[in-house]
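Asks: this one's sequence-less:
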């Protein structure tokens, strides 16, 4: 078994493929991922271990079957969880589908879903009934493999807020080796 110590980030960039960093940086989901890297760069105690650093970088225009897919799978195999950035701009791209499918259906690693369009816990859940809001559940339809597979692993749903992301990354319930039972989880409004 691979050394599962990383946090694998799944985010939408493009379906077309690009060799241009400028194009990737123009996509918001990629910017959110880079913010995690910046937080780690500024503060070494930030509990993020980037699985994308576990093998060679590849260009988005590399061959899917011989280069891109094997690299994505290798990185996921070495990850203790998947951080999935699900925004209003996220598309059901080939790469996102593969990442979600391999993480959940092959590796059974926990998922931390970060919703960058929302900043507060009350944006994610109904505070009084302690249930996930319908607008959040509707976003799951953007990536059907996530919607249809997530019941197999623990899934934590959080807004895009640094202290909550830090708490999620520090929580052993959302790591492969110490994961809690499969279900949907969130932080309450308390």
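Replies: Thanks, I have it. Model, not experiment: these values are computed from the prediction. Numbers count the residues shown, from 1 in each chain.
Asks: what is the neighbour count of residue 47?
Replies: Using other Cβ atoms under 10 Å as the criterion, residue 47 is surrounded by 15 other residues. For glycine as for every other residue, the C-beta is placed from the backbone atoms N, C-alpha and C.
Asks: ok, it - contacts?
Replies: Taking Cβ atoms under 8 Å, 6 or more residues apart in numbering as the criterion, residue 47 is in contact with 166, 169-170.
Asks: low pLDDT regions in this protein?
Replies: With pLDDT under 70 as the threshold, the chain has low-confidence stretches at 1-2, 15-26, 55-61.
Asks: give me the contacts around the longest helix seen in the chain.
Replies: Once the chain is assigned using DSSP state H, the helix that runs over the most residues is helix 28-42. By Cβ under 8 Å, 6+ apart, the residues outside helix 28-42 that reach it are 9, 11-13, 24-25, 46, 48, 50, 83, 85, 87, 89-90, 114, 116, 160, 162, 165.
Asks: that one: what's the following helix or strand?
Replies: Toward the C-terminal end, the helix or strand that comes next after helix 28-42 (DSSP states H and E) is helix 69-77.
Asks: does anything pack onto that following helix? Which helices or strands?
Replies: For helix 69-77, the helices and strands in contact under the criterion 3 or more Cβ pairs under 8 Å, 6 or more residues apart in numbering; DSSP states H and E are strand 6-10, helix 94-101.
Asks: got the angle for the following helix or strand past that helix vs strand 6-10?
Replies: Reading on from helix 69-77 to the C-terminus, the next helix or strand found by DSSP H and E is strand 79-85. Angle, strand 79-85 to strand 6-10, by axes from the mean of the first three to the mean of the last three Cα atoms, to 10 degrees: 30 degrees.
Asks: circling back: which of the contacts of residue 47 fall within helices?
Replies: Here DSSP H is the test, and the contacts of residue 47 give 166, 169-170 as lying in helices.
Asks: top of those by neighbour count?
Replies: Comparing the ones in helices among the contacts of residue 47 by number of neighbours (other Cβ under 10 Å), residue 169 comes first, having 19 neighbours.
Asks: list just the nearest of the ones in helices among the contacts of residue 47 to residue 150.
Replies: Proximity to residue 150 was ranked across these by Cβ to Cβ; first place goes to residue 169, at 18.8 Å.
Asks: show the buried residues in the contacts of helix 28-42.
Replies: Judged by neighbour count, with 16 or more other Cβ atoms under 10 Å as the criterion, the buried members of the contacts of helix 28-42 are 9, 11-13, 24, 46, 48, 50, 83, 85, 87, 90, 114, 116, 160, 165.
Asks: need the contact list for the residue of the chain positioned farthest from its centre.
Replies: Distance from the centre of the chain peaks at residue 128, with 27.2 Å (Cα atoms, centre = their mean). By Cβ under 8 Å, 6+ apart, no residues touch residue 128.
Asks: can you start the count at 560 instead of 1 from here on
Replies: Got it, first residue is 560 now, which makes that one residue 687.
Asks: would you mind measuring from it to residue 639?
Replies: When Cβ to Cβ, to the nearest Å is applied, the distance between residue 687 and residue 639 equals 34 Å.
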